[in-house]
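Visitor: heads up, no residue letters with this:
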């Protein structure tokens, strides 16, 4: 088996289209394996230990990684409040905590409140580190699973049109996904948001430079018939000074069944979850709704990364 | 192997006497297996994942389920504070949380503060859900292990006399056990409690309608020589307005060794634990004391349910 | 395989030099095993369950035990806040909690805030109990891994000179290690500390009675060229009434690279971790720095104890 070119996964920028293909192909194999009996990879990492080192809680992300590790037969050490509970409270540096953890585990999954902390930990570590979100920084496995979900629903990513809807200014996921889409050809992105949550210029400039066509659009209805994928996000109340402004804004970006009907038959609806009310439950049964599949795809992507980083992507 | 008729376990009312027999027979097999070498079921669920989703902490119940899963070779995802830590804090519905969890685990054990939540989760779930207590609602696995303990100590449950002692008004366990006892013939229940903690009329009427003889009795000493089983519970101080009333009341319902001597030689003493002082430690060594065995029986009952719900009750 | 003479590990005093040899020899085997492929002991405890019952959090110690158990193929039940979460809050005794836990697990690792609690739990338990720290009391596995690290770096422990530096009055680890050193011949200990943190007389008397030579010394520089091992500890700010006193005191006991150069070439530097600034990071790359190896040795010592206590030190 060819060596995987990464030792750690701390930011989306580490991935070019070859690496993305590599991860997605292994994820495909994981997806197939989980439906197979007997399962080929169910003991692939049986002598390996993963440490979930969460400096802030995120049960959902943690469970997704731990489920992936369990499905590969590995063991798990876990804490959901490393900040309060660990030696960090005694003034220990992240460097020391990471060095000690290397003696306990074969791979570290880290969630931290400070941007850049995952990369710092990776530099200190003698075992692979995966970033499970570092504050306002990166959450690369979320970006990978988002892109994998699109790839899973269409014959090719090249040429697709995608609407990103809601909180584009503060939403980490839409930025990361946009970034990864520059690795593909002939992509069009529609940014649909209230004025207060518009996508920042830096990313729009980056897209232009890298050959992605983008447009800003105020009306969701106008965009829906044009796109292959609608990526919905939650608009956070706390971004608005005036509650009335919030109500008006968020109301416009709710994807009711009536609006879904404007979409192409073969298009898809995505959401990083949790949702509040931006997608009503009536939409869940529409075949275009892919957000729960998207969450499930997180398992396959994380299984793939665990296998690739631990150098065991083919069962011995 | 015959199919198990339940997809989920959320309330005691789901069990008729056939289903009870089914669960108890598998529990017997689990008990035998744990003392055997080599163990026949130690890898029965090795490719399965159980998620302990506890919206409020209960280390004891959680450990009992997780021990059961570990003894069957399965993997565990665990959180003891889902309420604070999960997306519930962001306004996500239980429906969505459950749907996402289905992609991560093969079975969900849920503890929640709101009555009815386990049933709601079961309706949303594509994998089995077991209720590990939902507020003032149900705790069906406790009721099953209580009844299993009685069955384990007597040739038959039919014809037994049982005293239920202590907090009968607020104690969830005595209500659930009483309910399950209606599935058997010729049962007599003595309710022994201070006036402020008397069993509610609805349950007494239910017993009458379903052929169970019951009596209310103020004096513990009078009842002890008559019964096959004494089920003790803790009287909670906070039920009383007057501290003196509490002291007087609780003092009367302490089962000292002297009172134990009034009991039949073949009778048993049960308690759902934790106890405070309603059973002094001197009683622990009396052969009638079965409360620690009762706690241990929780493992066998939960192993049985895990096996039956995951459709693997015979090793493949 | 010869029976191991301990049923529980609650204090360092349980170990004589034969028992120490026994544990260290198995630890050596564990260290060898972890670098071997295929690993001989990776399934040695596959049907066993360890419960981590931490009444106060200590992620590092907990992970070390859990990593050890995982590397032997065993299962883990874990809580890092048993005090708040368990039935202790309802007034249950440690005796009852322990008795119940015996039905759930094959071995209990307990961290508790009250000195003596591990021994009490051991007395109540029908399964092995290991003390993972009981307040100001004992932390025997730390003492064992400290001594094991010294043994690992020198042909023999007999005849070594050791400096213990920093907070000797309140530091649990230096006391325990000193105690264990009395099991060896011709040992010299230098106690180097600010006056407010001096080693207590009881231990110094104990050392004298048991044939260990000791000296108190104010100057770190004077001691460094004389010793085979420097055991550094953190001086806690809260021991000082006057912040200026603290700064002066702690400054004198920082082991900068310049001071390291005074040490013998074959000497070693130890630290129980976490450190704050008493050893600068520049020292980490000096071959004498052994503190991260020391932390890692905790895995081998704990693997050895788990194997010995569960009676499976040779793979079946």
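Guide: Nice, thanks for sending it over. Predicted, not measured: the structure shown is a model, and the values here were computed from it.

Visitor: from chain B, how far out is residue A:66?
Guide: Counting by Cβ to the nearest Cβ, to the nearest Å, the separation of residue A:66 from chain B is 5 Å. The C-beta positions use only the backbone N, C-alpha and C, and glycine is treated the same way.

Visitor: show me the contacts for that residue.
Guide: By Cβ atoms under 8 Å, 6 or more residues apart in numbering or on different chains, the contact list for residue A:66 reads A:50, A:52, A:76, A:78, B:77.

Visitor: make a markdown table out of those and add secondary structure.
Guide: Compiled in a markdown table, those are given as follows (DSSP: H, G, I helix; E, B strand; the rest coil):
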| residue | secondary structure |
| --- | --- |
| A:50 | strand |
| A:52 | strand |
| A:76 | strand |
| A:78 | strand |
| B:77 | strand |
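
Visitor: contacting chain C as well, which ones from those residues?
Guide: Among these, the residues within reach of chain C (Cβ under 8 Å from any Cβ of the partner chain) are A:76, A:78.

Visitor: which one (most neighbours) among the contacts of residue A:66?
Guide: The most neighbours of any of these, using other Cβ atoms under 10 Å in any protein chain shown, belong to residue A:50, which has 29 neighbours.

Visitor: distance of that residue relative to residue A:69?
Guide: 5 Å (Cβ to Cβ, to the nearest Å).

Visitor: mutual contacts of these two, please.
Guide: Common neighbours of residue A:50 and residue A:69 (Cβ under 8 Å, 6+ apart) are A:75-76, A:306.

Visitor: ok, which stretches of the stretch 51-200 of chain A are helices?
Guide: Under the criterion DSSP state H, counting those that start in this stretch, the stretch 51-200 of chain A carries helices at the ranges A:59-71, A:82-85, A:94-102, A:117-124, A:140-153, A:172-181.

Visitor: where exactly do the strands run in the stretch 201-316 of chain A?
Guide: Secondary structure of the stretch 201-316 of chain A by DSSP state E, counting those that start in this stretch: the strands cover A:213-217, A:229-232, A:268-270.

Visitor: in JSON lines: those, plus mean pLDDT, distance to residue C:169 and mean neighbour count.
Guide: What follows is these, written out as JSON lines (pLDDT from 0 to 100; distance: least, Cβ to Cβ, whole Å; neighbours: other Cβ atoms under 10 Å in any protein chain shown):
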{"stretch": "strand A:213-217", "mean pLDDT": "97", "distance to residue C:169": "66", "mean neighbour count": "14"}
{"stretch": "strand A:229-232", "mean pLDDT": "98", "distance to residue C:169": "60", "mean neighbour count": "26"}
{"stretch": "strand A:268-270", "mean pLDDT": "98", "distance to residue C:169": "60", "mean neighbour count": "25"}
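
Visitor: can I get the ones you listed in a markdown table with distance to chain C?
Guide: Below are the strands of the stretch 201-316 of chain A laid out as a markdown table (distance: least, Cβ to the nearest Cβ, whole Å):
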| stretch | distance to chain C |
| --- | --- |
| strand A:213-217 | 44 |
| strand A:229-232 | 36 |
| strand A:268-270 | 35 |
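
Visitor: Serialize the ones you listed to JSON lines and add fields for distance to residue B:236.
Guide: Below are the strands of the stretch 201-316 of chain A laid out as JSON lines (distance: least, Cβ to Cβ, whole Å):
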{"stretch": "strand A:213-217", "distance to residue B:236": "60"}
{"stretch": "strand A:229-232", "distance to residue B:236": "47"}
{"stretch": "strand A:268-270", "distance to residue B:236": "49"}
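
Visitor: with respect to residue C:156, which of these lies nearest?
Guide: strand A:268-270 (65.4 Å; Cβ to Cβ).

Visitor: center of chain A - which residue?
Guide: Centroid-nearest residue in chain A, with Cα atoms, centre = their mean: residue A:142, separated by 0.8 Å.

Visitor: ok, and the closest non-adjacent residue to it?
Guide: residue A:173 (5.6 Å; Cβ to Cβ, 6 or more residues apart in numbering or on different chains).

Visitor: thanks a lot, see you next time.
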